[in-house]
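# What follows is a predicted structure for the sequence shown.
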Amino acid sequence: MKKSDLPINVNKAYAVLIPMIELDGEMKIVLERRALNIPQPDEISFPGGGIEEGEKARDAAIRETVEELGVNSSEIELREELPPLFTPFNTIIYPFIGLIKSKEFKPNEAEVSELIFLGLKELRNLKAEIYRSDISLNLPEDFPFDKIPNGEEYDWKKGHYDIYFYQLKDTTIWGITARLLYEFEKICN
């Protein structure tokens, strides 16, 4: 992906795969516990990462899954692309749902400390907790209010950013991963 292909006000693009696998006669989602030596250590996530220059989002999702889970790209079948997620951090995330045909994983220990297999039945029994975070402008002291109608009384738009949580026994899935899990669950129902 080229910088010029990014939506306005987006600085970085990421792709993730929501990997599914059939184990013991049940479809399960594969999640990762991030290694302690990388950003957002010990958090639960899906395989994914930055989209490289000239790379398509779907190819980045597959490449990152191969790197992190240690499966062959020929064993990944993309099934669906979810709508992109714009974050308030000037990033965009392209999520994909895919089927992993292999039953053998060789997680990259530099990035992944543990794999977690979440059954679709178990997911349906979980309830997402959603916390609303208000977003407002934090204008600099030297902002030129005199150049806009109504000056300091201008009616600025307000927004919010919902933060999602799922609790699995003693493991918390939260943030963007939980948000994508929530969107995935809506498709499955």
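Received the coordinates, thanks. Because the structure is a prediction, the values reported are computed rather than measured.

# three-state assignment of the residue nearest to Gly49 when sequence neighbours are not counted?
Closest residue to Gly49 apart from its sequence neighbours, by C-beta to C-beta, 6 or more residues apart in numbering: Glu64 at 4.5 Å. C-beta coordinates here come from the backbone N, C-alpha and C atoms, glycine included. Of the three states, Glu64 takes helix according to DSSP: H, G, I helix; E, B strand; the rest coil.

# Would you mind confirming that Glu64 makes contact with Val16?
Yes - with contact defined as C-beta atoms under 8 Å, Glu64 counts as touching Val16 (7.4 Å).

# Which one of these two is surrounded by more residues?
Using other C-beta atoms under 10 Å as the criterion, Glu64 and Val16 rank with Val16 on top: 24 against 21.

# Quick one: residues contacting that one.
Counting by C-beta atoms under 8 Å, 6 or more residues apart in numbering, Val16 makes contact with 45-48, 61, 64, 93-96, 180.

# partners of it in the sheet?
Gly48, Pro95 (DSSP bridges).

# what pLDDT does it get?
For Val16, the pLDDT comes out at 98.

# Now do it against Asn125, distance only.
Applying C-beta to C-beta, to the nearest Å, one obtains 24 Å for the distance of Val16 from Asn125.

# ok, now Leu36?
30 Å.

# Okay, helices next: where are they in the protein?
In the chain, helices defined by DSSP state H lie at 57-69, 120-125, 175-188, listed in chain order.

# and of these, who's closest to Ile135?
helix 175-188 (15.3 Å; C-beta to C-beta).

# to the chain's geometric centre, what's the distance from the closest one?
Distance of helix 175-188 from the chain centroid (C-alpha atoms, centre = their mean, to the nearest Å) equals 9 Å.

# how close does the residue of the chain positioned farthest from its centre sit to Tyr154?
In the chain, Asp146 marks the outermost C-alpha relative to the chain mean, sitting 40.9 Å out by C-alpha atoms, centre = their mean. Asp146 sits 11 Å away from Tyr154, going by C-beta to C-beta.

# ok, now Ile92?
According to C-beta to C-beta, Ile92 stands 28 Å off from Tyr154.

# And the contacts of stretch 110-120?
21, 23, 26-38, 42, 44, 67-69, 105, 107, 168, 171, 188.
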